[in-house]
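Undergrad: return a 3D structure for these sequence lines:
(3 chains)
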Amino acid sequence: MRAGHRSFWPFLLIAPTVAGGAFLLLYPMLKAAVISFQHFRMGELIRGGATLVGLENYAELLGGTEFWQVVWRTVAWTAINVVLIVVLSTGVALMLVRLRRGLRLAVMSALALAWATPIIAATTIFQWLFQSELGVVNWLLVTLGFDSFQGYTWFADGTATFAVLVILVVWQSVPFAALTLYAGLTTIPAELYESARIDGGNGWQVFWKITVPMLRQLFALIASLEVIWVAKCFPQIWVLSQGGPDDATTTLPVYAFKIARVLHRYDLGSAVAMLTVVILAVALVSNLRRMVRS
Amino acid sequence: MKYRILALAAVLAVGACGTGAEPETGAAASGAPAKLTVWIMDGSVTQELLKKFETEHEDAHKGVDLDIQIQAWDGIGERVTAALASTDAPDVIEVGNTQVAQYSSSGGVTDLTAKIADLKGEDWLPGLAQPGNIDGKQYGIPWYAANRVVVYNKDLFAEAGIKEPPKTRDEWLDITTKLNKGGNQGIYLTGQTWYALAGFIWDEGGDLAVQEGGRWKGALDTPQARAGMDFYQRLQALGKGPKDADEANPPQHEVFAQGKVAQIIAVPGVAARVLEVDDQLKDKMGFFPIPGKTADKPGTVFTGGSDLIIPVASQHQDEAYELVKALAGEKFQKELATTMSFVPNRTSLAGVLSGDEGTAAMAVGAANGRATPNTPNWAAVEATSVIKQYMTAVLTGADPAAEAKKVSESITTTLNSGS
Amino acid sequence: MKRLALNATAVAVLVTTVFPVYWMFLTAFKPTRDIQAATPTFWPADPTLEHFVTAVSAPGFWTYWRNSLLVTVAAVLIALVVALLAAFAMTRMRWRGRSAFVVAVFAAQMAPWEALLVPVFIIARDTDLLDSLAMLTGVYFMITLPFTIVTLRGFLSAIPPELEEAAQVDGCSRLVAFRRVIFPLLAPGLMATSLFGFITAWNEFAFVNVLIIKDQDKRTLPVWLSSFRDVFGTDWGATMAAASLFALPALLLFLFLQRRVGTGMTAGAVKG
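TA: Below you'll find the model as predicted:
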């Protein structure tokens, strides 16, 4: 290849990305970072003239109890969802490999269909499924003999709303993870499995000795993508419960949005966002390291 | 496909130019027609009346083109804030009287103190004028007021053999129990109608929040406030109003229009909207003031209403002021009051309401009108829906004492968070 | 026996996955009395279009639909082109700062977009880009770009560089080699990626609320859907019809792409 082109071509090719990122991502991020060190509320947004207050907003957040509650709730929310997503999608992927062609294609189409359903449409559907009087879920539960679900108001109870949101997010996220893992599974040479079987391994051992090590990279990628997506998940929660009832579904992004847009505390909201990025980066630092090495 | 993409790009480019470089100043616009954008809240005024006003105003002011946009309540706070902070804002905005203080103190609203006399502001309703006045400067111009009454279905009352509207709370519970029979609901009261709750709390001598030595304190955990909530719960149980929604979801006038609901708590103007859905209830709607604890005193009510503001960022200050003057002026006020059953913005115009059953009931209640705690931060309490969540929690069986304590603490935090 | 259990599980997965979407369409086609029946029916015995009529005749539907399509398609196409260039540089060339760039792209996915509303609003205001679909397009482009790059990089690195080198040896220029050899192989990847971008941008509603202020005719479909639910709260038939209409473009795009993409739908991430 023409060596001379190497010098500036790559930079030319990434230039649009860098330009877009600089103007529409980096610049707003820097602005948000500055705002988090200012006294910046409704008046400052309208009139301008915000003053620096140093670490005051961070002190208010870190010193209060609410922020930490939200952090732990976000950790729990992320952990529950990601574990469910990874476990279920692994199961589905392993199932897909073993299915006959016709049924496999049917299941894969179904998964892709769920994946392609826009979030807000899906959220609206779940509100209808779990509606108290006419919702099909309550009808099903009552029919199965759980009479206490007659007219049960799912969205009045914190834990119930949290559970509905978990179901919604898992339902929407499993397809991507499952199809990706399935694609990964098909790249494992069949001879590996055969030799493992000849050595007398049962299904479980084969899974841990062959499948997991072969797909370690892929599992790591899916897990970290899901961590990011689930931790940052916003529209589902906002549309379904606005973080309620009683803050039971207020995770970090919902918290930042509420503080900024509802209370007009843009300074505090920006501080929440900055801390969210730091927390996510710390959680995923090992993954980032691996990417640098590769 | 390629052409379509090009077309897309072209449309986008045109769109960008169209909105980008248009330095319309008041002076420049005086020659060309000025397009005035007006934000009116959903449910304030019927389409018909707005159309009529638009035509008349455009005829009277050559070169003014009105674009009246109906705004949904959901997310209105962030939209108004963004509008005030923009460089080309809507020219006139209707804002609730519990929220006008917050916007007025932000610096984004035009100071109209010099125009008070021109607007005949000497007898404005204090419940609308005061929240629009910050540090002696008038930003919000009173537009209309209303308070809730009980709207009832005369047929269902007759069926149940009830001749007289109730005068006390006990009577009210009695007749509502009688009405709550068969397929009918005694009262359709949603679980989150918080200003009805506010009225019951005030009747007991309690309040939503109190000021103690410069600090605000949530007061829903006082015995008086708890008694108010207890009454709300007993009343709410006499119908099928959803416990986890407010009266806008679904719109309660639509539920009432089905003819199976004996009573709702609403502003009298709701009657017009009921008839918009279905006119079978024409002449069958009655009104009475919300009953108090004793027969000699009607229930305390929350005085709701709206002010009009002109954003500093409006590009047509003069035309916008003329528009506010027309909307707040005697002619339109009388039309608004009679069509929508609202209380006009000036006490001297109140005569226009005599002879209307709904507004008569409202006027009785209005004598006992109260406002939400007078601090710009109150808007934030409303926006966070904590009171609504408290009500749902209690109605669905949570421990009332613990919930009351929790919501009061939350209100205390919000009210003292500065602005 | 084992096969039977496997197939039963597969059918169970199939049903749970499809049911919510099926239920949405079913409710949208049911007459109101069937929707409110105490015992739900699981088959459209008596389908009706009345709910769709209600939804479509709600004010603004067609305008918002067109806006959404315009903004989303433009954002996705721009993101694809820009991402393709970057992915090419990342997989086929060696240059200083490449690994830092990879990390930056990955990290960009963590961007807390909901918290960037105010900064983006200020930027739009200061550059006179409020009330403009172009700004909205720009934001959606940036929201979808990082993932688009990550995925396309995966797809590209799955294609052996020897292929284009061979083509170049045959005398093609690098550009021609790319167009003739790489592009056809990459097409499924591009389509799968564009579907993801489409879904993301199609959904967005927070930025519309602050970037489109005065010119209501520039709002998009998600805003319409949420205000629709405010008005038609308990009319679940109409709400589901509205949701169906909202979901339809994404589902159609998926059906259209799936035929072409087949099982390669997510293969890009495998090599990620």
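
Undergrad: check the separation of the first and last residues in stretch B:232-248.
TA: Distance across stretch B:232-248, first residue to last, is 18 Å (CA to CA, to the nearest Å).

Undergrad: please work out the average pLDDT along it.
TA: When pLDDT is averaged over stretch B:232-248, the result is 89.

Undergrad: residues of that stretch that come out buried?
TA: Using 16 or more other CB atoms under 10 Å in any protein chain shown as the test for burial, stretch B:232-248 gives B:232-233, B:235-248. Every C-beta, even on glycine, is put in place using the N, C-alpha and C of the backbone.

Undergrad: can you check stretch B:151-167 too?
TA: Within stretch B:151-167, the residues scored as buried using 16+ other CB under 10 Å are B:151-153, B:156-157, B:160, B:162, B:165-167.

Undergrad: in strands, which of these fall?
TA: Residues of the buried residues of stretch B:151-167 located in strands (DSSP state E): B:151-153.

Undergrad: ok, residue 245 - contacts?
TA: By default, I'm working from chain A. Residues counted as contacts of A:Pro245 (CB atoms under 8 Å, 6 or more residues apart in numbering or on different chains) are A:155-158, A:161, B:244, B:389, B:392-393.

Undergrad: that's the wrong chain, I meant chain C
TA: By CB under 8 Å, 6+ apart, the contact list for C:Leu245 reads C:52, C:55-56, C:61, C:65.

Undergrad: out of these, which is nearest to chain A?
TA: Of all the contacts of C:Leu245, chain A sits closest to C:Ala55, with 12.1 Å by CB to the nearest CB.

Undergrad: what helix or strand is the closest one located in?
TA: C:Ala55 is located in helix C:50-57, with elements delineated by DSSP states H and E.

Undergrad: just the closest of the contacts of A:Pro245 to chain C, please.
TA: Nearest to chain C among the contacts of A:Pro245 is B:Asp244, at 12.1 Å by CB to the nearest CB.

Undergrad: which SS state does that closest one fall under?
TA: coil (DSSP: H, G, I helix; E, B strand; the rest coil).

Undergrad: so who does the nearest residue in space to it that is not next to it in sequence touch?
TA: Leaving aside its sequence neighbours, B:Asp244 sits nearest to A:Ala156 (CB to CB, 6 or more residues apart in numbering or on different chains; 4.1 Å). Counting by CB under 8 Å, 6+ apart, A:Ala156 makes contact with A:245, B:243-244, B:392-393, B:396.

Undergrad: OK, now which residue of the stretch 1-150 of chain C is nearest to chain A?
TA: Residue nearest to chain A within the stretch 1-150 of chain C (CB to the nearest CB): C:Ala115, separated by 3.1 Å.

Undergrad: so where is the chain shaky, pLDDT-wise?
TA: No chain in the question, so chain A it is. Along chain A, the parts satisfying pLDDT under 70 run over A:1-6, A:288, A:290-294.

Undergrad: that's the wrong chain, I wanted chain B
TA: For chain B, applying pLDDT under 70 flags the ranges B:1-32, B:418-419.

Undergrad: kindly report the residues of it close to chain A.
TA: Residues of chain B lying near chain A by CB under 8 Å from any CB of the partner chain: B:77-78, B:81, B:84-85, B:102, B:105-108, B:242-244, B:312, B:380, B:383-385, B:389, B:392-393, B:396, B:406, B:414, B:417-419.

Undergrad: can we see that at 7 Å?
TA: With CB under 7 Å from any CB of the partner chain as the criterion, chain B meets chain A at residues B:77-78, B:81, B:84-85, B:106-108, B:243-244, B:380, B:383-385, B:389, B:392-393, B:396, B:419.

Undergrad: which non-adjacent residue is nearest B:Pro298?
TA: Closest residue to B:Pro298 apart from its sequence neighbours, by CB to CB, 6+ apart: B:Pro289 at 4.2 Å.

Undergrad: distance of that neighbour from B:Lys297?
TA: Per CB to CB, to the nearest Å, B:Pro289 is found 10 Å from B:Lys297.

Undergrad: and B:Gly286, which helix or strand is it part of?
TA: B:Gly286 belongs to strand B:285-288, assigned by DSSP H and E.

Undergrad: which is the next helix or strand following that strand?
TA: Trace forward from strand B:285-288 with DSSP H and E and the next one is strand B:301-309.

Undergrad: dump that following strand to PDB, restricted to CA.
TA: Extracted in PDB, the C-alpha atoms of strand B:301-309 (Å, rounded to 0.1, in the frame of the first residue of the first chain):
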ATOM      1  CA  VAL B 301     -61.400  25.800  48.400                       C
ATOM      2  CA  PHE B 302     -58.200  26.300  46.500                       C
ATOM      3  CA  THR B 303     -58.400  29.400  44.300                       C
ATOM      4  CA  GLY B 304     -57.000  28.300  41.000                       C
ATOM      5  CA  GLY B 305     -56.500  30.500  38.000                       C
ATOM      6  CA  SER B 306     -54.100  31.900  35.500                       C
ATOM      7  CA  ASP B 307     -51.900  34.900  34.700                       C
ATOM      8  CA  LEU B 308     -50.600  36.100  31.400                       C
ATOM      9  CA  ILE B 309     -47.000  36.800  30.900                       C
END
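
Undergrad: after it, which helix or strand is next?
TA: helix B:317-328.

Undergrad: now for that following helix, which elements pack on it?
TA: Under the contact criterion of 3 or more CB pairs under 7 Å, 6 or more residues apart in numbering or on different chains; DSSP states H and E, helix B:317-328 touches strand B:34-41, strand B:92-96, strand B:141-147, strand B:301-309.

Undergrad: need these in CSV (columns: mean neighbour count and distance to A:Leu179).
TA: Output for these, formatted as CSV (neighbours: other CB atoms under 10 Å in any protein chain shown; distance: least, CB to CB, whole Å):
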stretch, mean neighbour count, distance to A:Leu179
strand B:34-41, 21, 46
strand B:92-96, 24, 49
strand B:141-147, 27, 56
strand B:301-309, 26, 53
